[in-house]
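In: What shape does this take:
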Amino acid sequence: MKAKACTKCRQWKARCDASDGVPGGCSRCRSLNLTCVFDASFKRMSKGKRLQQMSNEIQQLRQALNNSASSNASTSPRQIEDTINVTAGPGIWEAQLQGTSEGTVASPSLQLLPTLSVTTVEIPPAALTVPYRSLGEVGLTRGQIDRYFKTYFARHHQSLPFKVGSESPDEVHSRSPLLFWVVCAVASSWKLQSQLAPMIKSMIAETIHTASHSVETIQALLIMCCWPFKTIRLSDDPSPFYCSIATQMALQLGLHRPSQPYWPLRHGSLSGPSTVVVDAEIRLTTWLACYVVNQMQSSHLGMPSSILPDANLLAAFENPEVNPVLSLLCRIYHLLMQSSWDISANAPTPTGMLDPAARLKMIRHHGKKLLALEEQHLAQMGDAVNMSLLYARLQLQSFALLDDVPLSEDLLDLVKDAETTACELIDATYGMNLSIAPIHTRRAMCYAAFVLVRLLQLPYDVQRELLQDSIERVRQSMSTVITAPDDINHKACTLLQELPYFEDKHRSPPILSRMGASIFYDTLRVYWEHCLEKQMPEEYLDIDRFDWSALGM
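Out: Down below sits the predicted model:
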């Protein structure tokens, strides 16, 4: 059965005056120099879908023109104009891209068709600005994308400098859209991050459940672990899960054996005699980044690490192709987790802790190892490495500040060292821009403040005014990254404001089961007891993952 109206008139919901005896079709198609097509199976396209299709066509045209401009040195980019002929019917706008010779495009015009007449209106180029890349309702121009990538590799990537296949936004997008959008989100403003967050989380969920994975997917997950989206509670932070998934993906792809064949090998962009060397370096440094992030997450949560060092991993610390910062981070966190295992995780007691006398000896033993590492690589230490070294040293020293260690003169040197290290760590991070620093920088600052709070609770001769001033500096730094009254940074500031003046009334058993993070959780226990006295909502203390109801209070 032949349609009674052409497809254009059906799309516009307009009366079609075409007849078999009139050549050239209906008057509307003749006025636009279009072929009058009759299709009984044609279905109207909604305005929203048509506008989206128009936007995609414009984006494709812009990309084609940019590629043409880069390959033709005789053509100036300013001579290339993005132009569109737009026609409008009673209910919808419609766009058609028309090209001319020499790779240019006709000048922009807007044709309005409320009736059968045609009117041409010139559109200024600024009105034709279309996002170069879009994710959901968020669109980014080419200038924004270039700036975000430059910002990330200049200011963020140095904190976890694994090797990437390319720093070009287009190349990264072709390899992994997830990595592309993660880089843009991390380097963008808080407002844009909040808009991109739900869509990137959906992309991660979809990527995890795909049949095949890539190094770029692992790198995207590692970046999200270091620069997670803002949360109200740390229990909402998916970073530990992302870290575990990235580790398992790396193991499945064989990244822990960089000299062995890499299974996927699906990117055809790497070619030439150096293919094996470049690919092996990417795989090796990505696996080392997995190790570092895994140790960071484990030390923060007070859990045993899921990646145990083997001969290949330890040998990679000496590999000259590995970035010195990444190599030093591996060494530091390797010693930190090794000390945690020796002091707490492998001990025979119910809490996993060595008895106090043996623990103090082990603290001093591993403290000498960290000191030797600092003396050997002092010249190569930047801010990220120095902060991590101070944090590892402080976590080691905090084993001597737990409740089960009896007060004695033999403990005085470790107490003094913990006081000095905590203040040095706060001084080292006080001037950092926490809005772009990785999350473990804020965690290290807060940990140092909690150690100082613990020192204020002990009956030792400490510089109380200096310690209180250092805690206040942490609060000032944390206040710069508060985005909402109920976010986790605001809660941390409130907690640090009150904690120095609380007394541990020992209404519940001390927490000694969280390895080096036990002092953090035990200080939260003290705060929890005071929250109960004030009858504050339980969710207010949801600073981290811990079953407070298990304390039986």
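In: center of this structure, which residue is that?
Out: Centroid check for the chain by CA atoms, centre = their mean gives residue 224 as the closest residue, at 2.6 Å.
In: Was I right to think that residue contacts residue 201?
Out: No: if you go by CB atoms under 8 Å, residue 224 and residue 201 don't touch, sitting 9.1 Å apart. C-beta: built from backbone N, CA, C; applies to glycine.
In: so what sits against both of those two?
Out: residue 238 (CB atoms under 8 Å, 6 or more residues apart in numbering).
In: shaky segments in the stretch 301-450 of the chain?
Out: For the stretch 301-450 of the chain, the stretches with pLDDT under 70 are 347.
In: do that again at 80, thanks
Out: By pLDDT under 80, the low-scoring segments of the stretch 301-450 of the chain are 345-352, 380.
In: same deal with the stretch 51-200 of the chain?
Out: 51-130.
In: can you give me the strands in it?
Out: Assigned by DSSP state E, counting those that start in this stretch, the strands in the stretch 51-200 of the chain fall at 85-88, 93-96, 109-112, 119-121, 133-135, 138-140.
In: which residues touch stretch 190-198?
Out: Outside stretch 190-198, the residues that reach it (CB under 8 Å, 6+ apart) are 135, 137, 138, 181, 184, 185, 186, 188, 229, 230, 435, 483.
In: what sits against the fifth one?
Out: So that's residue 184. Neighbouring residues of residue 184 by CB under 8 Å, 6+ apart: 140, 144, 145, 148, 149, 196.
In: Same list as before, the residues you listed that is, but in a markdown table and with neighbour count and distance to residue 447 included.
Out: A markdown table is the format used below for the contacts of residue 184 (neighbours: other CB atoms under 10 Å; distance: CB to CB, whole Å):
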| residue | neighbour count | distance to residue 447 |
| --- | --- | --- |
| 140 | 21 | 36 |
| 144 | 17 | 36 |
| 145 | 21 | 36 |
| 148 | 21 | 31 |
| 149 | 19 | 32 |
| 196 | 22 | 29 |
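In: Could you identify the most distant pair in the residues you listed?
Out: 149 and 196 (14.9 Å; CB to CB).
In: can you list the domain ranges for this protein.
Out: As assigned by automatic domain parsing, the chain contains the domains 1-44, 47-71+80-130, 135-304.
In: Determine which stretch of these is the most buried.
Out: domain 135-304 (a mean of 18; mean count of other CB atoms under 10 Å).
In: Between the two ends of that one, how far is it?
Out: Between the opening and closing residues of domain 135-304 there is a gap of 38 Å (CA to CA, to the nearest Å).
In: so how far is it from its chain's centroid?
Out: Distance, stretch centre to chain centre, for domain 135-304: 8 Å (CA atoms, centre = their mean, to the nearest Å).
In: From residue 453, how far off is the closest residue to residue 455 other than its chain neighbours?
Out: Excluding its sequence neighbours, the residue lying closest to residue 455 (CB to CB, 6 or more residues apart in numbering) is residue 462, at 5.2 Å. Per CB to CB, to the nearest Å, residue 462 is found 11 Å from residue 453.
In: higher neighbour count, the two?
Out: Each of residue 462 and residue 453 has its neighbours counted (other CB atoms under 10 Å); residue 453 has more, 23 against 16.
In: Residue 455: neighbour count?
Out: Around residue 455 there are 20 residues (other CB under 10 Å).
In: I am assuming it contacts residue 418, so please confirm or correct that.
Out: Yes: using CB under 8 Å, residue 455 makes contact with residue 418 at a distance of 6.8 Å.
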